[in-house]
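Student: starting from these lines, generate the structure:
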Amino acid sequence: MNLPLKPVRAPNRPSRERPRATRLVIGAAVAWALLVALGQLLSGRWWLWLLPDLMPPPAFVVVPVALSALACAVTRGRTRRWLLPALAVLLVAGAGRAGLHWGALLPGGGRGPAPAQALKVFSWNTLYWDTTDDPDAFHRYLRSKDADVYLLQEHLAWEDGKHKEIDRLARLRAEFPGYHLVARGELVTLSRHPVVAAPPVGPGRAPEGSASWRERFEWNKVLRTDVDVAGTVVSFYNVHVPVQLDIERSWLSPGFYGVVRDTDPVRKEHYAALLSDARANPHPLLISGDFNTTPAMGDLRGLREAFRDTLPASSSFLPGTWGIGGLPLWRLDWTFTDEDLRVHRYALVSAAGLSDHKGQELVVSPTG
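Tutor: Have a look, this model is predicted:
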């Protein structure tokens, strides 16, 4: 008796696509882990790592979160059980380099009212002063800040692929009558209060009288002014650390990497001079400007360890000051204080189309 044959069902086989996707996610996680680990070791220590450090800092949070979502979608079993904790470790390891202000998510972050003697400070990279803008609009914008102290960078022009000297100080004095003005190289500081000293810092100690404008521009990347505020001397450091690359060059050309290699020791020299002078300064102090350095870069280790970042007084979760296409993903502009200066407010404000950098507005007061 012939029995009808039952169709034989093929055994379930795992999709080929799932193992392939799993390998891709694991490979991406390993690559990211290597980048995070090498960044911790090499950032601020090897000149070539200045280039990987140009990555938008929020990526240190976005990438492990995205990989975790992919891992949940394509992995199973033991692979998922070890991969997700590993990605959590990478998230924690990179969170401090992402530059995000986690305190902004918490309620009740106010610092209370500022005292009557508090100072309004405005720090800003002007993007070649008023040479690329309507000068009237430029000065209206500055006056609208009504600051007691202005720390301004890039009092210069960009012509034929080079930095060029300008002199707009007479107009600035006319726009801010009664203010005290100190200018050195490309840096300009204005103060409503008397300036009692402006000692040179670092390479800027070279004799001014015999130096060309180009030399003064390259030497003076830190302008210190000591200001008498109702009997208390407060030191303001106006900073513009040189940018680490030449965007006019192709990254395929040897000259591109030559600029990065040669600029790294110059940046370190200015950082060391600033840190040395500030540590020895007995006055309450504020250090602010364009550092051309992101939260992911090791160049800021010394300042971040010795002084206080003013970010806790801000309400910005993503405190970017510079970006591409209007998206400020990079924080290049910073402000630090010591324990003798209380920060009541720190805000990043629009430049109203006058610069590619946001302005930094602060309200501070001496603690004594």
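Student: isn't Asp356 right next to Trp322, touching?
Tutor: Yes - the criterion here is C-beta atoms under 8 Å, and Asp356 meets it with Trp322 at 6.0 Å. In short, each C-beta sits where N, CA and C put it, glycine included.
Student: if we look at stretch 172-180, which residues are touching it?
Tutor: Contact partners of stretch 172-180, identified using C-beta atoms under 8 Å, 6 or more residues apart in numbering, comprise 139, 142-143, 150, 181, 188, 190-195, 227.
Student: so which of Asp356 and Trp322 has more stuff around it?
Tutor: More crowded of Asp356 and Trp322, by other C-beta atoms under 10 Å: Trp322, with 18 against 15.
Student: just the buried residues of the contacts of stretch 172-180.
Tutor: Buried members of the contacts of stretch 172-180, counted by 16 or more other C-beta atoms under 10 Å: 139, 142, 150, 188, 190-193, 195, 227.
Student: returning to what we had before: sort out which one of the contacts of stretch 172-180 lies nearest Trp158 for me.
Tutor: Val188 (16.9 Å; C-beta to C-beta).
Student: would you double-check that that closest one falls in a helix?
Tutor: No - read with DSSP: H, G, I helix; E, B strand; the rest coil, Val188 is strand and lies in no helix.
Student: and the pLDDT at it?
Tutor: In the predicted model, Val188 carries a pLDDT score of 98.
Student: swap in the one 3 residues further on?
Tutor: Per-residue confidence for Ser191 comes out at a pLDDT of 98.
Student: please report how far it lies from Ala280.
Tutor: 22 Å (C-beta to C-beta, to the nearest Å).
Student: return the subset of the contacts of stretch 172-180 lying in strands.
Tutor: 150, 181, 188, 190-191, 195, 227 (DSSP state E).
Student: report the two of these separated the most.
Tutor: Applying C-beta to C-beta across those, the maximum distance is between Val188 and Val227, 14.4 Å.
Student: what about the lowest-mean-pLDDT helix or strand in the chain, distance to the chain center?
Tutor: Least confident helix or strand of the chain, by mean pLDDT, DSSP states H and E, is helix 213-219 with a mean of 88. Mean-position distance between helix 213-219 and its chain equals 23 Å (C-alpha atoms, centre = their mean, to the nearest Å).
Student: in it, what counts as buried?
Tutor: So helix 213-219, judged by 16+ other C-beta under 10 Å, has buried residues 216-219.
Student: which residues in the stretch 51-200 of the chain form helices?
Tutor: 59-74, 77-95, 135-144, 169-175 (DSSP state H, counting those that start in this stretch).
Student: let me have those in CSV, adding mean pLDDT and distance to Pro200 as columns.
Tutor: Converted to CSV, these look like this (pLDDT from 0 to 100; distance: least, C-beta to C-beta, whole Å):
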stretch, mean pLDDT, distance to Pro200
helix 59-74, 95, 37
helix 77-95, 93, 38
helix 135-144, 98, 25
helix 169-175, 98, 19
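Student: got the buried residues for the host helix or strand of Arg224?
Tutor: Per DSSP states H and E, Arg224 falls inside strand 222-229. By neighbour count on 16+ other C-beta under 10 Å, the buried set for strand 222-229 is 222-227, 229.
Student: tally up the residues packed near Ala351, please.
Tutor: 18.
Student: all numbers from here: first residue = 13
Tutor: Renumbered: residue one is now 13, and that last one reads Ala363.
Student: pLDDT score for it?
Tutor: Value for Ala363, per-residue pLDDT: 97.
Student: my read: it touches Gly371, true?
Tutor: Yes - with contacts counted by C-beta under 8 Å, Ala363 reaches Gly371, the gap being 5.9 Å.
Student: and for these two, which residues touch both?
Tutor: Joint contacts of Ala363 and Gly371 (C-beta under 8 Å, 6+ apart) are Trp136.
Student: which element follows the strand holding Arg236 toward the C-terminus?
Tutor: Immediately after strand 234-241, counting by DSSP H and E, sits strand 244-252.
Student: might you list the low-confidence residue ranges for the stretch 163-312 of the chain?
Tutor: Confidence mapping of the stretch 163-312 of the chain against pLDDT under 70 gives the ranges 216-222.
Student: spatially nearest residue to Gly365 (excluding sequence neighbours)?
Tutor: Counting by C-beta to C-beta, 6 or more residues apart in numbering, Gly365 lies nearest to Asp145, which is 8.0 Å off, once chain neighbours are set aside.
Student: ok, now Asp65?
Tutor: Asp65's closest residue in space is Met309 (C-beta to C-beta, 6+ apart), at 4.7 Å.
Student: list just the nearest of the buried residues of strand 234-241 to Asp179.
Tutor: Leu235 (16.5 Å).
Student: was I right about that closest one contacting Leu193?
Tutor: No - Leu235 lies out of contact with Leu193 (C-beta under 8 Å); the separation is 11.3 Å.
Student: name the residues contacting each of these two.
Tutor: Shared contacts of Leu235 and Leu193, counting by C-beta under 8 Å, 6+ apart, come down to 200-201.
Student: need phi/psi at the residue nearest to Trp141 when sequence neighbours are not counted.
Tutor: Once flanking residues are discounted, Trp141 sits nearest to His167: 5.3 Å by C-beta to C-beta, 6+ apart. The phi and psi values for His167, taken as degrees, to the nearest 10, are phi -80, psi 80.
Student: kindly report the same for Leu341.
Tutor: phi -90, psi -10.
Student: likewise for Ala43?
Tutor: Dihedral angles (degrees, to the nearest 10) for Ala43: phi -60, psi -40.
Student: give me the neighbour count for it.
Tutor: 11.
Student: try the one 5 residues further on
Tutor: Residues lying near Val48 (other C-beta under 10 Å) number 19.
Student: fine, thanks again, bye for now.
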